[in-house]
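**Q** Coordinates for the following, if possible.
(chains A, B, C and D)
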Protein chains: 2
Amino acid sequence: MNPVGRPKNFEPDVVIAQAMETFWTKGYADTSPADLAEATGVGKGSLYHCFGSKRELFGKVLDLYNKVGAEVTEQVLSEPGTAKERIRALLVLLVDMDLDGPVRRGCLAQNAVAEIGGHDEAAKRAVLRMEQRMVELFAARLEQGQRDGDVDRALNARAQGLYLETTLAGLRTMAMTFDRKALYQIIDTALAGL
Amino acid sequence: MNPVGRPKNFEPDVVIAQAMETFWTKGYADTSPADLAEATGVGKGSLYHCFGSKRELFGKVLDLYNKVGAEVTEQVLSEPGTAKERIRALLVLLVDMDLDGPVRRGCLAQNAVAEIGGHDEAAKRAVLRMEQRMVELFAARLEQGQRDGDVDRALNARAQGLYLETTLAGLRTMAMTFDRKALYQIIDTALAGL
DNA sequence: ATAGTTCTTGAACTACAGGTCAAAAATCAG
DNA sequence: CTGATTTTTGACCTGTAGTTCAAGAACTAT
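**A** Numbering: from 1, shown residues only, chains lettered A, B, ... in the order given. Prediction:
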């Protein structure tokens, strides 16, 4: 049942994850095929053989980023606590992750849309899908809170979800330049209405 | 008192403004010296003679962007109305400007920090200064509102200013992918607490 | 007019990005 | 083993980014 022919000596999924780190840290334009080869340990030729082009590999990277992001979000939001507590925990976690790394690199999806969104409709659609997903996850957690009784029933969960995703995007932009104290204060202010 | 030597046949400030449009639309990496020469009508050699390098010209562009942004903000915030009304007007204006152009290009400063912030400390500092300026302008307008009696005296103007700048950053990110209706709804939600 | 200065023009250069390809290597079917 | 298939390797290629430079043009001062 094995595929015929010489076997790959790498796992595409691992390579995509390594490429994600490189694109995330250096940006799309500033990541060369040579960089990717070095970061993954796979020859340039093999990368092209497997993924077709730099842009296609980046597409796979965005898919992975979307998947991981959604998983982390679902995980954190579903832990015990009120909606407000869990949403705060998510925002704090992401801010901490942004600041704890050796270099501020923000959100890969936002960086992608900023860098290539202007001339790459597919990239824009991919990022839109991620954002919509996040809106839904926020909204769903708020509705859960309404059922649990820790969120006002009068609140428009959908609108609040959209707002929270905006806040998250803003936070990650601010996390490129501001310090932790300011970012925590922003979280407090943004969640004051919940 | 005229400068000695052959006169320039272009205005550096105009060239900077034209370069701003190009960088804004295409992004930093994707804008070549040839693009800049075409956009400005000035020869590549002259551009280098005058500005030194692509990166230095971009530095001037960021300075101009900062100046224009601050001027527009001060203008809009100082028109008649309550603090909430004026801040809403500013957010609406910026969203409209983002959406009315032929191509979604977001905020030049955010794009810059997303694209080159990771390996360009000077760019990061320039964007931080702009953001801090905006925080101050928001805070000052809120304090004005407190004196006018249309903003709660208990409100922490500094924290709210930081929050509003974050909201603005998030909005402009969302303006890359979402439609006008969603963005207006976000503004409503974000300002509900004022 | 000449000298000194500053700007323009366009060719030239180096380096590397992004991608292709031919040949060899590693597997499987028969 | 042979042949078919798939992958690896690394050399190679084309185009362009970013920059420099030499020559000449346009000005001021004397």
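**Q** anything in stretch A:46-56 near DNA strand D?
**A** Yes. Using Cβ under 7 Å from any atom of the strand, stretch A:46-56 comes into contact with DNA strand D via A:S46, A:H49, A:C50. Where C-beta positions appear, they are placed from N, C-alpha and C, glycine not excepted.
**Q** Only whichever of those are buried, select them in PyMOL.
**A** Command for PyMOL that selects the buried part of those, burial taken from 16 or more other Cβ atoms under 10 Å in any protein chain shown:
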select buried, chain A and resi 50
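**Q** Output the residues of stretch A:46-56 next to DNA strand D in TSV, with pLDDT appended to each entry.
**A** Output for the residues of stretch A:46-56 next to DNA strand D, formatted as TSV (pLDDT from 0 to 100):
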residue	pLDDT
A:S46	96
A:H49	96
A:C50	97
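**Q** From A:G69, how far off is A:A17?
**A** 13 Å (Cβ to Cβ, to the nearest Å).
**Q** next SSE after the longest helix along chain A?
**A** Scanning chain A for the longest helix, with DSSP state H as the assignment, gives helix A:121-148. Downstream of helix A:121-148, the first helix or strand assigned by DSSP states H and E is helix A:157-174.
**Q** Would you indicate which residues of stretch A:85-104 are buried?
**A** Buried residues in stretch A:85-104, defined by neighbour count with 16+ other Cβ under 10 Å: A:R86, A:I87, A:R88, A:L90, A:L91, A:V92, A:L94, A:V95, A:D98, A:R104.
**Q** Burial check on A:L194, number of neighbours?
**A** A:L194 has 18 neighbouring residues, counting by other Cβ atoms under 10 Å in any protein chain shown.
**Q** got it, and A:P80?
**A** When neighbours are counted by other Cβ under 10 Å, A:P80 registers 6.
**Q** near DNA strand C, which residues of chain A?
**A** For chain A, the residues in contact with DNA strand C (Cβ under 7 Å from any atom of the strand) are A:2, A:4-7, A:29, A:31-35, A:44-45, A:48-49, A:53-55.
**Q** quick one on the thing from earlier: would you list the residues of stretch A:46-56 next to DNA strand D in a markdown table and tack on secondary structure?
**A** What follows is those, written out as a markdown table (DSSP: H, G, I helix; E, B strand; the rest coil):
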| residue | secondary structure |
| --- | --- |
| A:S46 | helix |
| A:H49 | helix |
| A:C50 | helix |
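**Q** Just put the residues of stretch A:46-56 next to DNA strand D in a markdown table and tack on distance to B:L62.
**A** What follows is the residues of stretch A:46-56 next to DNA strand D, written out as a markdown table (distance: Cβ to Cβ, whole Å):
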| residue | distance to B:L62 |
| --- | --- |
| A:S46 | 40 |
| A:H49 | 41 |
| A:C50 | 39 |
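**Q** List the residues that contact the residue in chain A positioned nearest to chain B.
**A** For chain A and chain B, the shortest gap (Cβ to the nearest Cβ) falls at A:G170, measuring 3.0 Å. Contact analysis of A:G170 by Cβ atoms under 8 Å, 6 or more residues apart in numbering or on different chains lists A:I186, B:E165, B:T166, B:T167, B:L168, B:A169, B:G170, B:L171, B:T173.
**Q** between those, which is closest to A:V135?
**A** The closest of those to A:V135 turns out to be B:G170 (Cβ to Cβ; 12.2 Å).
**Q** what residues does chain A put near DNA strand D?
**A** Neighbours of DNA strand D within chain A, by Cβ under 7 Å from any atom of the strand: A:3-10, A:42-46, A:49-50.
**Q** Show me those residues that map onto helices.
**A** Judged by DSSP H, those include A:K44, A:G45, A:S46, A:H49, A:C50 as members of helices.
**Q** which residue packs closest to the residue nearest the centre of chain A, ignoring adjacent ones?
**A** A centroid search over chain A (Cα atoms, centre = their mean) returns A:G69, at 4.7 Å, as the residue closest to the centre. Excluding the flanking residues, the one nearest A:G69 by Cβ to Cβ, 6 or more residues apart in numbering or on different chains is A:M130, at 6.6 Å.
**Q** The one you found touches A:L64, doesn't it?
**A** No. Using Cβ atoms under 8 Å, A:M130 is not in contact with A:L64, being 11.3 Å away.
**Q** Who has more neighbours out of these two?
**A** More crowded of A:M130 and A:L64, by other Cβ under 10 Å: A:M130, with 25 against 16.
**Q** wait, what's in contact with A:T189?
**A** A:T189 makes contacts with B:A159, B:Q160, B:L162, B:Y163, as judged by Cβ under 8 Å, 6+ apart.
**Q** residues near the third one, how many?
**A** Just to be clear, that refers to B:L162. Applying other Cβ under 10 Å, we find 25 residues neighbouring B:L162.
**Q** A:K44 and A:A37 touch, don't they?
**A** Yes. If you go by Cβ under 8 Å, A:K44 and A:A37 touch, sitting 4.7 Å apart.
**Q** Which one's more surrounded, those two?
**A** Set A:K44 next to A:A37 and count neighbours by other Cβ under 10 Å: A:A37 wins out with 16 against 13.
**Q** now A:A109, nearest residue through space, not along the chain?
**A** A:A109's closest residue in space is A:V127 (Cβ to Cβ, 6+ apart), at 4.7 Å.
**Q** With A:I187 instead?
**A** Excluding the flanking residues, the one nearest A:I187 by Cβ to Cβ, 6+ apart is A:L91, at 4.9 Å.
**Q** where's the residue lying closest to A:G27 once chain neighbours are set aside relative to B:A109, distance?
**A** With Cβ to Cβ, 6+ apart as the criterion, A:G27 has its nearest non-adjacent residue at 5.6 Å, and that residue is B:E115. Counting by Cβ to Cβ, the separation of B:E115 from B:A109 is 11 Å.
**Q** do the same with A:V151
**A** 35 Å.
**Q** ditto for A:E11
**A** In this view, A:E11 and B:A109 are 39 Å apart by Cβ to Cβ.
**Q** A:D188 too?
**A** Using Cβ to Cβ, we find A:D188 at a distance of 25 Å from B:A109.
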